[in-house]
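A.B. asks: got a predicted model here, sequence first, then my questions.
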Amino acid sequence: MAAGNEWINGYLEAILDAGARLRGQRHGQGGAAPPLPRLPAEAGDQGAAAYSPTRYFVEEVVSRFDDRDLHKTWTKVVAMRNSQERSNRLENLCWRIWHVARKKKQVEWDYSRQLSLRRLEQEQGSREAAEELSEGETTKDHRADAALSVARIASEARIVSDDEDDDGTDDRNLYIVLISIHGLVRGENMELGRDSDTGGQVKYVVELARALAATAGVHRVDLLTRQISCPDVDWTYGEPVEMITRHADDSDGGSGGAYIVRLPCGPRDKYLPKESLWPHIPEFVDRALAHVTNVARALGDQLHLEATGAGAGCPSPPVWPYVVHGHYADAAEVAAHLASALNVPMVMTGHSLGRNKLEQLLMLGRMPRAEIQGTYRIARRVEAEETGLDAAEVVVTSTKQEIEEQWGLYDGFDLMVERKLRVRRRRGVSCLGRYMPRMVVIPPGMDFSYVDTQDLAAEGGDAADLQMIMSSPKKPLPPIWSEVLRFFANPHKPMILALSRPDPKKNVTTLLKAYGESRHLRELANLTLILGNRDDIEEMSGGAATVLTAVLKLIDRYDLYGCVAYPKHHKQTDVPHIYRLAAKTKGVFINPALVEPFGLTLIEAAAYGLPVVATKNGGPVDIIKALHNGLLVDPHDAAAVTEALLSLLADKARWAECRRNGLRNIHRFSWPHHCRLYLSHVAANCDHPAPHQLLRVPASPRAAAAAAERGGTDYDSLSESLRGLSISIDASHDLKAAGSGGDSAAAAIMDALRRRRRSSTADDRPPTARAAIGHAPGRRQGLLVLAVDCYDGNGAPDAVGMKKAVDLALSAAAAAGGRLGCVLSTGMTISEAADALGACGADPVSFDALICSSGAELCYPWRGEVAADEEYAGHVAFRWPGDHVRAAVPRLGKAEGALEADLAVDEAACSVHCHAYAATGASKVKKVDSIRQSLRMRGFRCNLVYTRACTRLNVIPLSASRPRALRYLSIQWGIDLAKVAVLVGDKGDTDRERLLPGLHRTLVLPELVSHGSEELRRDEDGFLAEDVVAMDSPNIVTLADYQAAADILKAI
């Protein structure tokens, strides 16, 4: 206790000294004496501030000592009080730091209480799901889920070797889309360590794209990222397309290979950190959708030409992505929306997880929850990860620990429920509407092309070998060697190498303390610290500056000059040479991070023949188990770190054994092995749609022009009608009648299409329908979407407000002369929407489409019947739990103390893909996020929308929403989303904020909506609206009252 108080007194004295120097500097400049520096709990968001000695010392005291020690120090100072100002200020500092420590304990207690409540709810949801799934395990029910999705392949992943060719892998032409938004992404000379967003993930996704493109059966890989045209970064990050690699047989201009595709997202002249990208995600989704659609169509034309030799005018189906793979939370959300729009499988990789980060930050107790949210946007990140879990077929992890300890924190994943669901799928038993993604462990690969096999064959080196290399005039040394070796008094000692970002989590200070406090270790080896790149520490961010300053102070404290190297700069191409240098000296690589999600540097070190010492927390456990080339240590135990390093450095036989084991087993982490395992898991666990379930798109302009020139054939005429009118096809009855034969099935489909076309062109249609076809929906140049939610206080449509909005939209469309179509987007049912339009004096046929039930239904009134489109219904049926979730929503959605009638099924408003519930008031029901959380915990994946002024809750499929319906129409009709305008009110349903951002133009009609439902959107601890939509976007315009239709067209 006494020693502890001496440390505290020392820290307090250091704080006073730092403050005295600061005041002296200010006084010398003629300024007034500043107040005492604010403590961490008072300072707010100072994440990017320069290094502060006061902050450093206070954080050390708060994190290392108990509040009882602080109170004892305070008591001691008070007892020894004198009239001197220094003693008074010391007493004041003691009290303030004690207060911070007490507040830290309060934050920890609050978090523990919240975590306990959440875990209880998770356990209850898991228990309910497990009990229901256990009831009918012995009875098979093939029909329950057959109508919802294609049967999943019920086999485990089998790795396909290079020697196998009997499965037709080489004949496939797969198109794979990878997404990684944040950071600086390019194929060569990656600036790893430039900032916290440009790290190992950037290297991983680029090498994954390159390796997948080189895998048999893969034709093209697109890596989608953000385009940055900013003077602060290199011009290459503004290039729209960068080719990473091209297939050898594509030298004549083919599109095969791997490409980095950069899409504008947010302000183009700013390099945004990942925490600021959230409002711009919808824009990225829209641009990605347009890019993938164009590439799919072009690939279809190209491969069809190569296979048949037919001209460009011949129809060819698009080559849709085999899989869409999102990396990190932001890209996982993009991938979820993109895969849903295209009806293709989705895979995600978390890399690092928001709930795990939140838990660590709250356990530290240095920042309250509000400050954490403001700095890291954790709530928004967690919701994006939950959205990814909702849509993902497969989640790729690096280790088993990531599955059990990190993904287990999420509402959307429960290991026990996932295993039960997997067993039921194998047995062909209904999963009762529940779903959990499959977690698979696929360690990241490594590019071994940089490894010098001659160096590896030499079984390391010794001091004589290094001396010979250094003195050889024939072979110049890599420049980074000279940069490192200049620090050492004796460069021939073995080297302890640590390579990481200057991040407190990397725990470099513990390594330095272990090295500085061990005389034997200092005499035996040198220490090299590669901690990113720096010019001036004072200009770096707070965390990096704090670490680097602490490193320099520890070097000085232990007088490690001549023993420790800490170069300021290195290139990515220098990293292999650094590993080679450490191996030449018979050194050891160490990763002492507090928690390491995977540990790619450990694999890189093993590839160069370096034994390793690594943290026992996280991925290194699995890596060391596979490679058998090193030791695991407790990163908090400096003595254990010292012992592990000495055991490898002092025992040459053990060092050589670890080296041999690492080189012998390193093939398990090669990129070819990774890609084969990856494709095997995707094939085994993803539901790939059947050909008739794939999304249709209009033909390319070139193919359409060629078809028009040929003309006259029945098929061409039929294709034109499909492009022009977006006819829905449902030939299931004809297929059943035709039998199972391929030729007869195809004939039945064509016959059904011809009959549908003849019926659509008959003269017995109503005059309004014939007039609608005259203005040709599907050939529009733009769309005006009316999404104004006008209801009165009782939830009934507000005829006055709605009539204003409808008249405004129709007058703008009329002024455009048929170039602009109208679409109504509402939370009402189809029949309710038609009645509401009739009350406004408008004919539903005036609208090209009605998006109803919050996006669950799509209707084309110009077809002559006001009914839901069957093709769209099949598109949104993905993971729809159907009647299984119907009874669960009222039970989970009622507020505490509410009656059964306060949230009851509204039978009249229900449909095949929408469960509607009547709510008596906002105070009687839970908010959307709370209900969604409870459903996720039970394995149900749905969207929920409150509409009609909080009097109705629509529960709809995961793939259904008003923004997604709009994207569906843009693909079906070939309309660029940049030529779409959405009219909204300043209030609306709970999904209103999702309608605002994107590539389209949003026009806000003020004071038109008097009652909204947005109060039931999120709980108080949820993310903010500014994390969903940037209201200062140039695409969002507020219109003046009664603005003319011509002004609306101008705004569009």
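C.D. replies: Nice, thanks for sending it over.

A.B. asks: looking at this protein, which helix or strand does the model trust least?
C.D. replies: Scoring the helices and strands of the chain by mean pLDDT, DSSP states H and E places helix 714-725 at the bottom, with a mean of 34.

A.B. asks: look at the residue nearest to residue 533 when sequence neighbours are not counted and give its secondary structure.
C.D. replies: Spatial nearest neighbour of residue 533, excluding adjacent residues (C-beta to C-beta, 6 or more residues apart in numbering): residue 569 at 5.0 Å. Every residue, glycine included, has its C-beta placed from N, CA and C. Three-state assignment for residue 569 (DSSP: H, G, I helix; E, B strand; the rest coil): coil.

A.B. asks: likewise for the one 4 residues further on?
C.D. replies: Classification of residue 573 into helix, strand or coil gives helix, according to three-state DSSP.

A.B. asks: surely it touches residue 190?
C.D. replies: No - with contact defined as C-beta atoms under 8 Å, residue 573 does not reach residue 190; the gap is 9.5 Å.

A.B. asks: neighbour count: those two, which is higher?
C.D. replies: Using other C-beta atoms under 10 Å, the more surrounded residue of residue 573 and residue 190 is residue 190, with 20 against 13.

A.B. asks: can you list the weak-confidence ranges in the stretch 351-500 of the chain?
C.D. replies: Low-confidence segments of the stretch 351-500 of the chain, defined by pLDDT under 70: 364-366, 450, 452-475.

A.B. asks: so residue 898: helix, strand or coil?
C.D. replies: Residue 898 ends up coil, using three-state DSSP.

A.B. asks: gap between it and residue 948?
C.D. replies: 18 Å (C-beta to C-beta, to the nearest Å).

A.B. asks: and the two? Which one has more around it.
C.D. replies: residue 948 (26 against 18).

A.B. asks: which residue comes closest to the more buried one once chain neighbours are left out?
C.D. replies: Nearest to residue 948 is residue 795, by C-beta to C-beta, 6+ apart, at 3.7 Å.

A.B. asks: equivalent analysis for residue 670, please.
C.D. replies: Nearest non-adjacent residue to residue 670, counting by C-beta to C-beta, 6+ apart: residue 445, 5.7 Å away.

A.B. asks: that neighbour: neighbour count?
C.D. replies: Residue 445 has 22 nearby residues by other C-beta under 10 Å.

A.B. asks: same check on residue 539?
C.D. replies: Using other C-beta under 10 Å, residue 539 has 9 other residues around it.

A.B. asks: then residue 317?
C.D. replies: By other C-beta under 10 Å, the residues close to residue 317 number 15.

A.B. asks: contacting residues for the nearest residue to it once chain neighbours are set aside?
C.D. replies: Leaving aside its sequence neighbours, residue 317 sits nearest to residue 300 (C-beta to C-beta, 6+ apart; 5.4 Å). Residues in contact with residue 300, defined by C-beta atoms under 8 Å, 6 or more residues apart in numbering, are 316, 317, 318, 319.

A.B. asks: count the residues that sit near the first one.
C.D. replies: Neighbour count of residue 316, defined by other C-beta under 10 Å: 20.

A.B. asks: again, but for the last one
C.D. replies: Residues contacting residue 319 under the criterion other C-beta under 10 Å number 22.

A.B. asks: residue contacts, the closest residue to it other than its chain neighbours?
C.D. replies: Of all residues not flanking residue 319 in the chain, residue 299 sits nearest, at 3.9 Å (C-beta to C-beta, 6+ apart). By C-beta under 8 Å, 6+ apart, the contact list for residue 299 reads 173, 175, 219, 220, 255, 318, 319.
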